[in-house]
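dropping the sequence and predicted coords here.
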Amino acid sequence: MDLARFLVDAVVMERRSCREVARAHGVSKSWVAALVSRFRAGGYEALAPRSKVAHRVANKSPADLEDRVVRLRKELTDEGFDGGAQTIHYHLSLTESSPPSVSTIWRILKRRGFIQAQPHKRPKSSYVRFEASLPNEMWQSDVTFFELKDGTKVEILNFLDDFSRVCVASKVVATTSAPDVVTTLYEAGGVWGLPAALLTDNGAVYTASYRHGYSAMESELFHLGIDYKHARPYHPQTCGKVERFHQTLKKFLTKQPRAETIAELQAQVDRFVAYYN
């Protein structure tokens, strides 16, 4: 402040020009002129150093927007649905003409404490990813398990399109059999069209290669001209998309009243698949 006061006095009291004073002290003329202007408006107190903190952060989201994002996150989570940034962006786009970007929503969730750093996870760049380039180029299929209200274990057979991740079939059965797989394949094909290839693990309902024979699924795929691909044993990452779908589906089901029958559970699954797709 001493220098600022000295410069102002040189201009105001000694009536020297701003250019002359600035040149003599190695500062800019505009700064000297600004100091003089502040002095004339508010006296010496106006020469005190001002905070350089921005009055407004350009990329800071409005509070009401952050509240909408958080409210939607909680609603989705309470219902058992995915509450990630992409899902929230989709829901906001249904009611807003210019919804915030996915990255903005992600930053809001992180700032509000909904996203925690996970340094133990492998970086995405370390994974060798593959993805079909067209719908129906390849489907993935797998079986997951769930329990009814009385503890009875049942199975859920899922078929997922590798490119779009659309769930083309999700069927609840007591125990999955080879005919269940074939029937579900044809039912899904009747709605979505049959795929050019199918990727599964090495479960007995899918393949009999380890028994040196052919399963019902393998025979049907051969006659349909559908290429059949197997995941490497003990390597579920190969069927990662359908494995991830299992998690999303069961996260929803655990939030619902526990079904007492297979038919009731199938109705819950159907509701989720309709929403998911």
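Noted; the coordinates are in hand.

what ranges do the strands span in this protein?
139-147, 153-161, 167-173, 197-200, 227-230 (DSSP state E).

for these, which one sits closest to I108?
With CB to CB, the closest approach to I108 among the strands of the chain belongs to strand 167-173: 28.8 Å. (Glycine included, C-beta is placed from N, CA and C.)

shaky segments in the stretch 51-200 of the chain?
Along the stretch 51-200 of the chain, the model assigns pLDDT under 70 to residues 51-60, 117-130.

what about the helices in it?
Here the stretch 51-200 of the chain has its helices, by DSSP state H, counting those that start in this stretch, at 63-79, 85-95, 102-111, 178-192.

picking that back up, out of the strands of the chain, which comes closest to D82?
Across the strands of the chain, D82 has its closest neighbour in strand 167-173 (13.3 Å, CB to CB).

which elements pack onto that closest one?
On a contact count with 3 or more CB pairs under 8 Å, 6 or more residues apart in numbering; DSSP states H and E, strand 167-173 meets strand 153-161, helix 178-192, helix 262-276.

centre of the chain versus that strand, how much separation?
Centroid separation for strand 167-173 versus its chain: 23 Å, with CA atoms, centre = their mean, to the nearest Å.

using PDB, write down the CA coordinates of it.
Once non-C-alpha atoms are left out, strand 167-173 reads as follows in PDB (Å, rounded to 0.1, in the frame of the first residue of the first chain):
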ATOM      1  CA  CYS A 167     -31.100 -56.800 -23.000                       C
ATOM      2  CA  VAL A 168     -32.800 -58.900 -25.600                       C
ATOM      3  CA  ALA A 169     -34.000 -61.600 -23.100                       C
ATOM      4  CA  SER A 170     -34.100 -62.100 -19.400                       C
ATOM      5  CA  LYS A 171     -35.900 -65.300 -18.200                       C
ATOM      6  CA  VAL A 172     -36.300 -66.600 -14.700                       C
ATOM      7  CA  VAL A 173     -36.300 -70.400 -14.300                       C
END
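
neighbouring strands of that strand in the sheet, and parallel or not?
In the sheet, strand 167-173 lines up against strand 153-161 (antiparallel) (DSSP bridges).

run through who's touching the strand it pairs with.
132, 135-136, 138-148, 166-176, 180-181, 184-185, 188, 192, 195, 241-242, 245-246, 249, 262, 265, 269 (CB atoms under 8 Å, 6 or more residues apart in numbering).

ok, now with 7 Å
Here strand 153-161 makes contact (CB atoms under 7 Å, 6 or more residues apart in numbering) with 135-136, 139-148, 167-176, 180-181, 184, 188, 241-242, 245-246, 262, 265, 269.

now Q86: closest residue in space, sequence neighbours ignored.
V102 (5.4 Å; CB to CB, 6 or more residues apart in numbering).

quick one: residues contacting the one you found.
Contacts of V102 (CB under 7 Å, 6+ apart): 85-86, 89.

for those, which one is nearest K229?
Using CB to CB, Q86 is the member of the contacts of V102 that sits closest to K229, with 27.8 Å.

what about the closest one, distance to D9?
Q86 sits 61 Å away from D9, going by CB to CB, to the nearest Å.

before we move on, what about S17?
Distance of S17 to D9, computed by CB to CB: 14 Å.

what number of residues are in the vicinity of the residue nearest to R112 when sequence neighbours are not counted?
Counting by CB to CB, 6+ apart, R112 lies nearest to V70, which is 5.6 Å off, once chain neighbours are set aside. For V70, the count of nearby residues is 16 (other CB atoms under 10 Å).

domain boundaries for this structure, per the record?
2-47, 63-121, 139-276 (automatic domain parsing).

pick the most deeply packed of these.
domain 139-276 (a mean of 17; mean count of other CB atoms under 10 Å).

so what would you say the end-to-end distance of that one is?
End-to-end span of domain 139-276 (CA to CA, to the nearest Å): 17 Å.

and what of stretch 185-202?
Its start and end residues considered, stretch 185-202 measures 17 Å (CA to CA).

who touches it?
Stretch 185-202 is contacted by residues 136-142, 159, 162, 168-169, 206, 210, 221, 224, 226-231, 233, 239 when judged by CB under 7 Å, 6+ apart.

how far does that stretch sit from its chain's centre?
Averaging C-alpha positions (CA atoms, centre = their mean) puts stretch 185-202 26 Å from its chain's average.
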